[in-house]
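Participant: Mind folding the following:
(chains A and B, ligands or ions: 3)
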Amino acid sequence: MAIDKEIQYGFMPGCSLSSYNPDVVIQTVAYLREALPGFSAVLKCCGKPTRDLGQYELFRERFEGLLTDIRDVKIEEMIFACPNCKAVFEKESQVKSHSLWEILPLIGLPEEARGKAKGSDMVFTIHDSCSARGDKAAQEGIRWILTELGYKYVESECSREKTRCCGYGGMVNPVNPELTRKVMQRRVETLADYPVVTYCATCRSTLLKAKRSAWHILDLIWGPVVYAKDEPPADVLEVPENVWHNRFKTRRGIAEGCQ
Amino acid sequence: MNLAYERVSVMNTVISSETVTLNTKKIVEQCMGLESPFCKSRCPMHTDVKEYVARIAEKDYEGAVKVIREKLFLPGTLGRICAHPCEEACRREREFGQAISIAALKRFAAERADDESLWDVAVGEDTGKHVAVIGAGPAGAQAAIDLRKAGHAVTIYEKEEKAGGMLRVGIPKYRLPRDVVDYEYRYLDKLGISLKTKVKVGTDIAFEELVRQYDAVLVAIGAQKGNVVKIPGHAAKGVYSALDFLKEVNLTETISGKAGKVVVIGGGDVAMDCARSALRVGAKSVYQASLESLAELPASKEELDQAVGEGVDCHFGWGPVEIIEENGNVKAVRLQKIKSVFDENGCFHPQYGEETALVEADMVIMATGQVVEDVTGGALVQIGGGRYQTNSKTLATAMEKVFVAGDAAGGKIVVEAMALGRKAAISIDRYLKGEDLEEDRDFEQEWSYESRLDVPLPEGCRDLPRLHNNMRPVKERVCDFAAVDEGFTEEQAVEEASRCLKCECRLCLKECIMMEECGKCPKEIFEPVLAGQAIDMNLSYSCNDCGNCTIVCPHELPIRETFMESRKDFVRANGGDAPLAGHRPVKIHQTLGFYSMFTTKVCMSGKSVSGELCISRCGVSADLCDGGENDGN
Ligand SMILES: Cc1cc2nc3c(=O)[nH]c(=O)nc-3n(C[C@H](O)[C@H](O)[C@H](O)COP(=O)(O)OP(=O)(O)OC[C@H]3O[C@@H](n4cnc5c(N)ncnc54)[C@H](O)[C@@H]3O)c2cc1C
Ligand code: SF4
Ligand code: SF4
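Facilitator: Numbering: from 1, shown residues only, chains lettered A, B, ... in the order given. Ligands and ions are numbered 1, 2, ... in the order given. Below is the predicted model of the structure:
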């Protein structure tokens, strides 16, 4: 694809990323707004959990509300940070959808981020989300970003379309945590033995639960350069208060940013 | 796994949607998870080869024998002489021409661990019915075993002194030591099957008499009469049918006629048995001639190689036209070159060329087929080769209560004879219970078939060579009747067994921990749904929605879709609400996720709300502007 100057793009960070790290969301919004001629942002849940429980009618109702929001802010094509949101839109709507990881290689990384980690001794491996197993552009984008930042990485055997679930898919954890633990463990065992980069905040949180250090790709773009000895950011998604506090902070940040 | 339900009653009121039903149908029809490996589907008795070979690889020989004995009462016998159709079908044969030595491994396990104290001798409750079986070859014996196990009384009538059929009078001892047959046949006795030997039906007791006395009669008399080609001189002294020759050699280890220069006519395994047996009773030379060319030869490569190795002089593409006698004794055989054996339709129709050859001979053995000799006094219709006409599915005949099995019904090898014996036993059991012979019967499982398994080779699979058995030196072995094949050493057996590819699909289960815990494969998991039950809610809500199953499935079956889709059915049955107790926090979380305090929408640049171009970075926040009422419930 190429960026179309005539199109009003809309960015949706998704629940888990905004609950995890408001700063990176706010900075991403600011950056996209600079880079894209027509730009809007939407902060709302895509409704996937409702749909996953099987409450399809309720999901449709909620999702229609979201589609109305999108129309309200004139969005023509969507950009998603979360692979799950993107998958939901692709299945449930006609809205043209892109992943942020496909857009960033087109508009480039911010000047100050390019090559910033050239001196780092960190070597990562990549966890592709299972919801992105068919999204080649996103998979390529993540690898491009890492290289552009200056990080080295090693591919895991179960990656890209052969990736494995982190354990949190399908809303299994709330009803069958024992199974989630096993799936989580297996994911960790099938990843090359390096700290992990994810592009889903929930996947990151799951990997941390399985005692694996993991960074979200946006942590690396907007945050400090990471070295082999560094500890990953804490698993804030563990604590509900953090979640809602951060979500509110994200909302405020986006709203303020546009004034 | 058992998850907490909010309302247990949900499970009873679920109605599967059309999508779920159609997907389920597709999965149950196409899933290869229960499909037999190539070896097992090709074995007419469906011996669980993969399983016992795996046990051998783990050095669990007792376990291996147990698996074999679930299907075969003759592990040591078949381990030595089975024509092993399974090996032709083996994946390693198809891919690399290096089949697993399945039969030889069976022999190894039997030698190591077959112990009669472990045999399953349980029989069903007495039914009060009594079945007569004519013939104690593999077919009659297998049928007798199955019928006895079903609780019927069984009496076998056998014309010879001992049971075994061709295992005793046909197959040479150097391939099958008789102590093995004796030991394994003890099973019949242990089950309480009555065996009347030296009773020839048709001579010592009339067939009609058996029909009158018994509730059912099974004819399992084999094809015991050797065919002699009626060329000039065929009645000369010194001309034998293969079966007459082999029977005498097998029972006495000698031959009454003069075995100087021997000519064997025929190109099958029986011809090779005659040729090699002739060497062992002192023939000076053995000249074998077959109509077929080497490429068309019916004999197995193993048998041919061993015969040639032992010094049999083989000539392919020659047909006998005359036996020359002197004073009533065989003097020579005239052979004529063959141009072709089969016509364009593949039918046997030999065409002779010009060239002839005269071969001196003291003895001529005709290994040119075996025929069934009638014991019923014409009561049953006979077709090609004397075989009895039967319903090929059930082996029932036109005569009430009379069934046929084994070579007499068209079998060709021991394991087929056994499968036919089992088939007849199933029919007889149904007949005795007054049940329909065909209803709800899985005929495919009663004979060999082509496996529908269609899977990629396992990752990292390499071509590893087949291990062959240890043969005694030729010089030594042609002088006696002791076994020529010494079998595998333990080390060899384990190495050979370890080559097995454990053919199966179940690729999705290697990906999915949940399904692995819940069943053998999607077919098994979804089958109850076709029968009208709902998908197990526990499974449905334990699907990670990751899609790995479909990615690896050769048929790309919609497994995840079906689990996820079925959740809608549970919700519908639960009045629109998610049914599991664990879902409560998710519902709260979702309500908040749509609440205005945590949502926003802003147009930051580009077109204005009215559709005109808005000033860059104008910062219209619809959410903030309209007072923030954006609670998507
Ligand atoms: C020489 C030779 C070598 C063979 N080698 C092999 C081999 O290596 N591998 C393999 O798989 N197959 C081999 N076969 C084929 C195999 O032996 C037969 O397919 C199998 O034995 C058939 O079993 P059956 O029970 O139908 O008949 P049989 O084994 O022929 O048994 C029939 C029984 O009925 C008895 N009987 C016959 N008539 C009467 C009567 N009127 N009254 C009472 N009893 C009677 C006979 O005495 C005999 O015991 C070979 C066959 C021959 C001839
Ligand atoms: S490789 Fe093993 S399981 Fe597969 S067909 Fe051969 S013996 Fe059977
Ligand atoms: S991958 Fe699974 S669903 Fe597909 S055919 Fe094999 S066992 Fe069946």
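
Participant: List the contacts of residue 99.
Facilitator: In the absence of a named chain, this looks at chain A. A:Ile79, A:Phe80, A:Ala81, A:Pro83, A:Lys86, A:Ala132, A:Asp135, A:Ala137, A:Ala138, A:Gly141 (C-beta atoms under 8 Å, 6 or more residues apart in numbering or on different chains). (C-beta placed from N, C-alpha, C; glycine too.)

Participant: Let me rephrase: I mean chain B.
Facilitator: Here B:Ala99 is in contact with B:Glu87, B:Glu88, B:Cys90, B:Arg92, B:Glu93, B:Arg466 (criterion: C-beta under 8 Å, 6+ apart).

Participant: Count the residues that sit near the residue nearest to A:Lys116 when sequence neighbours are not counted.
Facilitator: Distance criterion C-beta to C-beta, 6 or more residues apart in numbering or on different chains; nearest residue to A:Lys116, sequence neighbours excluded, is A:Val225 at 5.6 Å. Counted with other C-beta atoms under 10 Å in any protein chain shown, the neighbours of A:Val225 add up to 16.

Participant: Distance of A:Val225 relative to B:Gly170?
Facilitator: 83 Å (C-beta to C-beta, to the nearest Å).

Participant: quick one on the thing from earlier: filter the contacts of B:Ala99 down to just the buried residues.
Facilitator: B:Glu87, B:Cys90, B:Arg92, B:Glu93, B:Arg466 (16 or more other C-beta atoms under 10 Å in any protein chain shown).

Participant: Using CSV, lay out these together with secondary structure, pLDDT and distance to A:Glu161.
Facilitator: Listed next are these as CSV, based on DSSP: H, G, I helix; E, B strand; the rest coil; pLDDT from 0 to 100; distance: C-beta to C-beta, whole Å:
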residue, secondary structure, pLDDT, distance to A:Glu161
B:Glu87, helix, 97, 37
B:Cys90, coil, 98, 32
B:Arg92, helix, 98, 30
B:Glu93, helix, 97, 33
B:Arg466, coil, 96, 37
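
Participant: any idea which of the residues you listed is the one closest to chain A?
Facilitator: Nearest to chain A out of these is B:Arg92 (C-beta to the nearest C-beta; 25.9 Å).

Participant: was I right about the closest one contacting B:Ile102?
Facilitator: No: contact criterion C-beta atoms under 8 Å: B:Arg92 and B:Ile102 do not qualify, at 10.2 Å.

Participant: of the contacts of B:Ala99, closest to ligand 1?
Facilitator: B:Glu87 (12.3 Å; C-beta to the nearest ligand atom).

Participant: what's the closest residue to the closest one other than its chain neighbours sitting at in phi/psi?
Facilitator: Spatial nearest neighbour of B:Glu87, chain neighbours left out: B:Ala99 (4.0 Å); criterion: C-beta to C-beta, 6+ apart. Phi and psi for B:Ala99, reported as degrees, to the nearest 10, are phi -60, psi 150.

Participant: Tell me how far B:Ala99 lies from ligand 1.
Facilitator: Counting by C-beta to the nearest ligand atom, to the nearest Å, the separation of B:Ala99 from ligand 1 is 16 Å.

Participant: any idea how far that residue is from ligand 2?
Facilitator: B:Ala99 is 7 Å from ligand 2, by C-beta to the nearest ligand atom.

Participant: And the helices in the stretch 351-500 of chain B, which stretches?
Facilitator: Using DSSP state H, counting those that start in this stretch, the helices of the stretch 351-500 of chain B run over B:414-432, B:474-477, B:490-497.

Participant: Quick one: closest of these to ligand 3.
Facilitator: helix B:490-497 (24.3 Å).

Participant: Name the residues that touch the helix or strand that the closest one is followed by?
Facilitator: With elements assigned by DSSP states H and E, the helix or strand that comes after helix B:490-497 is helix B:507-511. Contacts to helix B:507-511, defined as C-beta under 8 Å, 6+ apart, come from residues A:164, B:33, B:455, B:515-516, B:520-522, B:548-554, B:557, B:559.

Participant: Show me which of these are buried.
Facilitator: Buried among the contacts of helix B:507-511 (16+ other C-beta under 10 Å): A:164, B:33, B:455, B:515, B:521-522, B:548-553, B:557, B:559.

Participant: Including distance to ligand 1, pLDDT and secondary structure, could these go into TSV?
Facilitator: TSV is the format used below for the buried ones among the contacts of helix B:507-511 (distance: C-beta to the nearest ligand atom, whole Å; pLDDT from 0 to 100; DSSP: H, G, I helix; E, B strand; the rest coil):
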residue	distance to ligand 1	pLDDT	secondary structure
A:Arg164	48	93	coil
B:Gly33	32	96	coil
B:Val455	30	96	coil
B:Met515	40	93	helix
B:Cys521	33	95	coil
B:Pro522	38	96	helix
B:Asn548	44	93	helix
B:Cys549	42	95	helix
B:Thr550	43	94	helix
B:Ile551	44	93	helix
B:Val552	39	94	helix
B:Cys553	38	96	coil
B:Leu557	39	97	coil
B:Ile559	42	96	helix
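
Participant: Now chain A against ligand 1: closest residue?
Facilitator: Closest point on chain A to ligand 1, by C-beta to the nearest ligand atom, is A:Lys162, at 45.5 Å.

Participant: With A:Thr206 as the reference, measure out to that residue.
Facilitator: Taken as C-beta to C-beta, the span from A:Lys162 to A:Thr206 is 18 Å.

Participant: of the two, who's got more company?
Facilitator: Applying other C-beta under 10 Å to A:Lys162 and A:Thr206 shows that A:Thr206 carries more neighbours, namely 27 against 15.
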